[in-house]
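> sequence first, predicted model second:
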Amino acid sequence: MTQLERRNFLKLAAGSAVALGLNPARALAQASVADQVLFFIFLRGAQDGVSVLHPEPGASARRTRYQSWRGAETRIANGIPVGGGLAMHPALAPLSPLLSAGHLSFVPGIGGAIENRSHFQMMDLVESGAGNSAPLADGVLGRALGQLVSDEEPLGALALSANVPYVLRRTGAPPPLSVPDLEGFGALSSSTHRSHADLQVRERISRLYVPASGVCGAQAKMCQTGLQAVGAIGDLRTLIDDAAVTGQLANDIAGLLAADSDRRIRMLSLDIGGWDTHNNQGNDAQSGGAFTGTLAKNLAGVAGLLRALHDAAVSKGVFTRLTTLVMTEFGRTTFQNGTQGTDHGYGSVGLVMSDDVRARVTPTGWFPGSLSAPFYATAESTRALPRLIEHRQVFAEVLRKKFGLTDLSTALPGYTYDTTAPAIFG
């Protein structure tokens, strides 16, 4: 969890027991496509999809096959059944009520357009929406954002990290704001320039790039960019103040969307690292009520984040506007390695949280009941689980169904939406 502050994960996990506040008899009101917000979470380092979603405990033939692949050090013994003979890692237990409410779907077998087991190359291909080994100049969500908001809208997307990720890059347009700390955004203290320690970030930028007159020359691109940045920071600071953020990331995101009455924010992104579990990956063992393995701890953190975000979004009346998409660059090997970990694979498991997912698991075909299925032959011959659905298809469905982008030629150039693929949304 190198990209998300551990203090936030601890707070979120502690807050994940908040009641759902749902009335199953009352259908949630649908938001329009103009209201929709996508929260994209990238798990960098290749999450092990075999542990996330595997054959449920028991004496089935597919469970036996799974156990032949994984030693006790990486095998999940107490998975929680989710239907169809599959079980999720017990660290994901906070998500069980979301599955029951029809607000969460696993997307197993998600993989890139091509099989590439290099972290950095595959991240670039996935985030840029490329269909081959050559990444595109900007990001798939950055291009989509250009279809949703004007180039002059600096609050269209927010990167909740130190840097703007590839997926949000926009050629020829100002970059989204990078906001690693919502609570402290806009403030900047300095031990080097003590005389300016009391200045806000927007004032420092203004002093650096904008003339005292506040008017830029016709060709002063740096000045224009500075003015836009100053305005964007001020606008976001106002939203943050209205939302009364507290440092609880999930609650703050929901509050920010509730405060955004003009519906300026359309996309959010978050990077979470630490998923490259070559050594001592861990299983589902616990000590003192807490998971001990690296993977289990990471999954517990993500589950706490999603559950807390769900509860806060429902409470603040913005859940129908929010779609959360969790992806990783590729999965990990079928078989455990010699250092009690797993190596680079292909197909992994994504997650979609929304008010109208169709099924708990979409698509089917992940650990099928018939051991003669090609799934098992591929998993053993390549030591990696196959791709059942492409990253681009998932992006395409989100953009079509949630944002109304029927023309995907800009966001996903060269890709044809597969109308025969199992639908994630109702």
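The structure has been received and is ready for your questions.

> quick one: secondary structure of N132?
coil (DSSP: H, G, I helix; E, B strand; the rest coil).

> leaving out sequence neighbours, find the closest residue to it.
Residue nearest to N132 in three dimensions, not counting chain neighbours: I114, with 6.3 Å by CB to CB, 6 or more residues apart in numbering. Quick note: C-beta positions are derived from backbone N, CA and C, even for glycine.

> please report how far the one you found lies from M122.
9 Å (CB to CB, to the nearest Å).

> need the contact list for the residue nearest to N132.
Each residue near I114 by CB atoms under 8 Å, 6 or more residues apart in numbering is listed here: 125, 131-133.

> let me see the mean pLDDT of stretch 211-218.
Averaging pLDDT along stretch 211-218 gives 72.

> and what of stretch 123-130?
For stretch 123-130, mean pLDDT rounds to 98.

> what about the residue lying closest to A373 once chain neighbours are set aside, is that helix, strand or coil?
Take A373 and drop its neighbours on the chain: the residue closest to it by CB to CB, 6+ apart is G365, 7.6 Å away. In the three-state summary, G365 is assigned as coil, counting by three-state DSSP.

> G365: neighbour count?
Using other CB atoms under 10 Å, G365 has 15 other residues around it.

> wait, it touches L388, no?
Yes. If you go by CB atoms under 8 Å, G365 and L388 touch, sitting 5.2 Å apart.

> what residues do these two have in common as contacts?
With CB under 8 Å, 6+ apart, G365 and L388 have common neighbours 108-109.

> so L158 belongs to a strand, correct?
Yes. Using three-state DSSP, the assignment for L158 is a strand.

> how far away is it from L145?
The gap separating L158 from L145 is 11 Å, by CB to CB.

> which residues do these two both contact?
Contact criterion CB under 8 Å, 6+ apart; residues shared by L158 and L145: 176, 267.

> can you list the low-confidence ranges for this protein?
1-31, 186-210, 218-219, 226 (pLDDT under 70).

> where do the helices sit along it?
Here the chain has its helices, by DSSP state H, at 6-15, 49-52, 61-69, 96-100, 119-128, 140-148, 201-209, 221-243, 249-259, 294-315, 374-381, 391-397, 403.

> what residue spans form the domains of the protein?
Listed by automatic domain parsing, the domain ranges of the chain are 6-181+247-403, 184-244.

> ok, and which of those domains has the densest surroundings?
Across these, averaging neighbours per residue (mean count of other CB atoms under 10 Å) puts domain 6-181+247-403 on top, at a mean of 20.

> right, and L148 touches R263 too?
No. In this structure L148 lies outside contact range of R263 using CB under 8 Å: 10.4 Å.

> E115 reaches G345, doesn't it?
No. E115 is not in contact with G345 according to CB under 8 Å; the separation is 9.2 Å.
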